[in-house]
Each structure stands twice: as C-alpha cells, then as structure tokens.
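# Just need the structure, nothing else, for what follows:
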Amino acid sequence: MENTNRDIVRKRIVEVASNMLLKCSCRQITMDIIAKEMGISKRTIYEIFSDKEKLLEKCIIHVIEKDDSIEQFKNDLHDNFLITLSRFSDIHSSESFRLRCATTRDISKYYPEVYDNYFVPRNEKITTIVKEHMKDSKEKGYIYSDVNIDIVIVMLSEMINSIICGKIFFDSCYDKEEIIAHTLFVYLRGMATSKAIEEYDEYVATKNKEKQI
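The predicted structure follows:
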C-alpha cells in the first residue's frame, strides 16, 4: 500500500472508529465491525494498526482533540452559577450523556495511560474554569459569602467522577436530567442565595414555556 493511500485509509479508519466510539463502549467495537462499516477487509485494518488497542488509542485522542465542549462552556457562562450549570447540561442529550459515561469509564479502566495523559488535564482545565466562575458568581451575590469555593469544587469533582466513571447511576433507568437534578443541583442549590434561586426558577420557567410553543 503506497504511503499516500495508506495515510488516507488510516485517517478514514480513525474517523469511522471514532464515530463508533461516540455511539458505543470500547468493548463493543471490533475490527470486524469497523471493516464491515468501511467495506474493506479486516486484514487491511491490521496492516495499519497492529491491534484494536492501538487503534482505539488513536480514536480516543482524535475525539478529545475535536471536542469543543470546554469552549462551549466558556462561551455560555452566566453570572448565576445555577443557570450556567443548566446551560451546560443542555449541551448533550440524555443518550449522549449515557454514552459518554460508558466510554469514559471504559477508557479509565482499560486505557489508564491515555486517560491520565488526555482526560485528566482536560478535567483539570474544566475544574479551573468552574472554580473561577463560582468565585465570580459568589462575588456577585449568587452564593452565600461564607461558602468555601475550594471545598465545594473538590466535592463537586468527586460527585461528577462518581457519575461518569463510577457505577453510580450508570446502569440505572434514570435519565441525565433526573441524575443532575437530584445530585448536582440539590448540592449547589444549598449554597445558592435567594437571588440565585429566584433567577434560576424564572430561567427554567421561561425555558419550559419555549418548549411548549
């Protein structure tokens, strides 16, 4: 296989397998399924990628590099931290949320080095953004003045990791909205001032009305 053609095929394999990675867990993806989807032989794939693990590692990196959710989050910040969380949770559908949970948990378990090299720095970046945002929201009167944001962030990170990487809710019948409403929102509303809650409730009411139109 000439180098130019090989590079084209390599890129196509990664793109196809990456799309599969967003639709199912790592364990569900096989070389046979990828080959069938592309209309090529499994042997062609093995000529480029020695094994499934090498291919999935490339796919994981490819997906992370294309993920723009951090930029979406930064561009959709609201003074009221409750509204910011609501907006961010709307970025993905419930189905997408479940799939991300499945993929992230598999990667942390089966590809710990990739997880540490790519997911951990990304999560740290998000944590920094959230911490600065909550401090700003506190200064603007949306969080009680005696709340320690550093402690809040640690607890929030643990809760999110439990949902994404742990078994909590993973195999349950609850959808994303229920999970967030009964974990993250309950936790965060406890530190929200009346100003924050009133503004958030108005935001939700308006959003619900728009859905009915």
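# give the contact list for Cys87.
One correction, residue 87 is Arg, not Cys. Arg87 makes contacts with Asp76, His78, as judged by CB atoms under 8 Å, 6 or more residues apart in numbering. Glycine gets a C-beta too; all of them are placed from N, C-alpha and C.
# part of a helix, is it?
Yes - note on Arg87: a helix contains this position according to DSSP: H, G, I helix; E, B strand; the rest coil.
# measure it to Lys195 for me?
18 Å (CB to CB, to the nearest Å).
# And for Asp68?
Counting by CB to CB - Asp68 and Lys195 are separated by 32 Å.
# Next: His62.
43 Å.
# okay, those two: which has more neighbours?
His62 (16 against 13; other CB atoms under 10 Å).
# Okay, buried residues for stretch 196-212 please.
Ala196, Glu199, Tyr200, Tyr203 (16 or more other CB atoms under 10 Å).
# Settle this for me: the third one is touching Leu85, isn't it.
No - taking contact to mean CB atoms under 8 Å, the distance of 9.2 Å between Tyr200 and Leu85 leaves them out of contact.
# Tell me where this protein has helices.
Using DSSP state H, the helices of the chain run over residues 3-21, 31-38, 42-48, 52-66, 69-75, 81-89, 94-110, 112-114, 120-139, 149-164, 176-182, 184-189, 194-212.
# by contact count, what packs against the third one?
I take that to be helix 42-48. helix 3-21, helix 31-38 (3 or more CB pairs under 8 Å, 6 or more residues apart in numbering; DSSP states H and E).
# Using CSV, list the CA coordinates for that helix.
What follows is helix 42-48 as a C-alpha-only set of coordinates in CSV (Å, rounded to 0.1, in the frame of the first residue of the first chain):
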residue,chain,number,x,y,z
LYS,A,42,-10.1,-6.8,8.4
ARG,A,43,-6.6,-7.5,7.1
THR,A,44,-6.4,-4.0,5.6
ILE,A,45,-7.0,-2.6,9.1
TYR,A,46,-4.4,-4.8,10.7
GLU,A,47,-1.8,-3.7,8.1
ILE,A,48,-2.1,-0.2,9.5
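# what comes into contact with it?
Contacts for helix 42-48 (CB under 8 Å, 6+ apart): Met1, Arg6, Val9, Arg10, Ile13, Met31, Asp32, Ile34, Ala35, Leu55.
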